[in-house]
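quick one, fold the following:
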Amino acid sequence: MRIRNYSHRVILAILWKTLAKGVGLGNVLPLAVADEYGIYKERRSLQLIVHRRRPAEHGDIEETVGSYSLGRIHLFPCQRCSTGFLTFVFLHELCHAWIHQFHERIYEDSETCGFCDKFADRAFRILGGSVSPHASCGEFVLNERRALTAADKFSDYARTRFESRKFERPNKTAQHAVSRI
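Next up is the predicted model:
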């Protein structure tokens, strides 16, 4: 995994690389092996880019904090974002990356944000993170040393969560959970 930090913020690079490795995305990405469309070229591992600031106008309620696409995770912190919050967003986007790399059809056909929200919330708590119900981005607390000691528990959780394979699929009449891949 390659990390580029364009923000002037401290990031938890060792922890994030450990977490990516824990879900099987720490080395060459599965879709980069075949690379049938020439998308990955020399960039065959997961990329994480931490940008300087969020790409939103001042006063916007909905701001993009993270995104994933084609082997790249982007984080857009504001001045108040804690490293705990950035880790939480990274976990959410790492979940999207896992679904894309290991179950591309589901990634393209399904609404997976609900699954990734639940995954990130539980994984953050397993790593020792804490947050109050209506906390802002600066109030997510995570101790890196404690989180690194919980990395094996995280890997176990990720393995069982991903094996459950329950994703939300859009349906014309209603959304319902499916457990097939």
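
ok, which stretches of the chain are strands?
Along the chain, the segments classed as strands by DSSP state E run 2-5, 47-50, 66-69, 72-75, 167-169, 176-178.

distance check, Ile11 against Phe102.
Per C-beta to C-beta, to the nearest Å, Ile11 is found 26 Å from Phe102. In this view, the C-beta of every residue, glycine as well, is placed from N, C-alpha and C.

thinking again about what came up before, how about CSV for the strands of the chain, with mean neighbour count and mean pLDDT added?
Conversion of those to CSV gives the following (neighbours: other C-beta atoms under 10 Å; pLDDT from 0 to 100):
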stretch, mean neighbour count, mean pLDDT
strand 2-5, 14, 94
strand 47-50, 20, 95
strand 66-69, 18, 92
strand 72-75, 21, 95
strand 167-169, 17, 47
strand 176-178, 11, 29
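
now tabulate the ones you listed in JSON lines and tack on distance to Leu86.
Output for the strands of the chain, formatted as JSON lines (distance: least, C-beta to C-beta, whole Å):
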{"stretch": "strand 2-5", "distance to Leu86": "10"}
{"stretch": "strand 47-50", "distance to Leu86": "7"}
{"stretch": "strand 66-69", "distance to Leu86": "8"}
{"stretch": "strand 72-75", "distance to Leu86": "6"}
{"stretch": "strand 167-169", "distance to Leu86": "25"}
{"stretch": "strand 176-178", "distance to Leu86": "29"}
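
out of the ones you listed, nearest to Thr160?
Closest of the strands of the chain to Thr160 is strand 167-169, at 15.4 Å (criterion: C-beta to C-beta).
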